[in-house]
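Visitor: I need the structure of the sequence given here:
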Amino acid sequence: MNTSRVAIGCVIAMCLSGVPSAHAQDYPTRPMRLVIPWPPGGITDVIARGLGAALSDALGQQVIPDNRPGAAGTLGVGIAAKANADGYTLLMTDVPSHAISATLYTTLPYDPLRDVEPIALPARSPLVLVANPKLGVKSIQQLIDEAKSRPGQLSFASSGAGSITHLTAERFMRDTGTKLLHVPYKGGAPAATATVAGETAAMWAGSSNAPQIKAGRLRALAVSGAKRSAQYPDLPTIGEFYPGFENSIWLGLFGPAGIPEGTLTRLRTEVRKILELPEVKERMNSAGGLDPYITTPEEFQALIRRDYAKYAKVVKDVGIKLD
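Guide: Residues are numbered from 1 along each chain as shown. Sure thing, here's the model as predicted:
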């Protein structure tokens, strides 16, 4: 497991020691389950476990992680969506399993916009457009010019067909009028390894590839967020060249639709306390390139709907469908 990811989870759990816990309300009176639709060790799992441990301290009841991987995250989301809406089953999921996979699969056992309730948005992180240094490009415009001079010859790696790294690259090609060859891999790590080795020319990489970027094995050209990243302050956003282009990874805490309003308020209050801790903010950014993100439920719901519509359009344009 990546040690920096372990550190993120540990610091969230440890930093809550000074945060007071309100016990005026009866909820919760028994242990809670936190469904994680991905295997142990990934960034969503690590953040979920850290947040779950912090919530255990804040709420006075154990929050038990329950990894339910499968079907690109939709299996775990479906389990959580069908649980009792009493606040004792929570779900930590992300934009790939919630807004992307839901548009890729022809049938789903749940409606991602109606069957789960957004509780909080603990973190967001941009993708980083990187290239193999031997390609010789030092800016996003140089990459575009190189791709246009050799249409269909430069290749880009992704963490799999239909992944956020794949769809971001497809949107990049659509908006820039370029054509690159897609080479899917089974995860972000092998995709980055292939780009470092020169097997592929470029990719949209996640925050976990910061060590390769800092070591010069990957050359960073731009970030996909709406604003410049604190981790890469000198890198432009893709939106500075193509207004409206913004693709970010987010990690969200959900529950089954219908959770009582008082329970939702309690959960949102405690998560906000955790995310406002300076230690949590600093550690999540330095170790994982993640920005703790405090927003209103309405803003979070609007973000989900925007991403759902945005990725659905890209999926339709590319013609990807999974059974």
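
Visitor: what does the helix or strand that contains residue 170 contact?
Guide: In this assignment (DSSP states H and E), residue 170 forms part of helix 164-176. Helix 164-176 is contacted from outside by 95-96, 100, 127, 129, 144, 147, 156-160, 178-180, 182, 184, 188, 191, 203-206, 224, 238, 242, 245, 247, 249, 311, 314-315, 317-318, using CB atoms under 8 Å, 6 or more residues apart in numbering. C-betas here are computed from N, CA, C, even on glycine.

Visitor: and that helix, what's buried?
Guide: Residues of helix 164-176 classed as buried by neighbour count (16 or more other CB atoms under 10 Å): 164-174, 176.

Visitor: which is the next helix or strand following that helix?
Guide: strand 181-184.

Visitor: show the average pLDDT along that following strand.
Guide: The average pLDDT for strand 181-184 rounds to 95.

Visitor: please apply the same query to stretch 69-89.
Guide: Averaged over stretch 69-89, pLDDT sits at 92.

Visitor: buried residues in it?
Guide: Those would be 69, 71-81, 83, 85, 87-89, for stretch 69-89 by 16+ other CB under 10 Å.

Visitor: cool, stretch 199-212 as well?
Guide: 200-210, 212.

Visitor: swap in stretch 134-149?
Guide: Neighbour counts using 16+ other CB under 10 Å place 135, 137, 140, 143-144, 146-147 of stretch 134-149 among the buried residues.

Visitor: if we can go back for a sec, now the helix holding residue 170: mean pLDDT?
Guide: The average pLDDT within helix 164-176 is 93.

Visitor: filter the buried residues of stretch 69-89 down to the ones in helices?
Guide: 74-81 (DSSP state H).

Visitor: what's the next secondary structure element after the lowest-mean-pLDDT helix or strand in the chain?
Guide: Ranking every helix and strand in the chain by mean pLDDT, DSSP states H and E puts helix 3-15 at the bottom, with a mean of 55. The first helix or strand that comes after helix 3-15 along the chain, using DSSP H and E, is strand 32-36.
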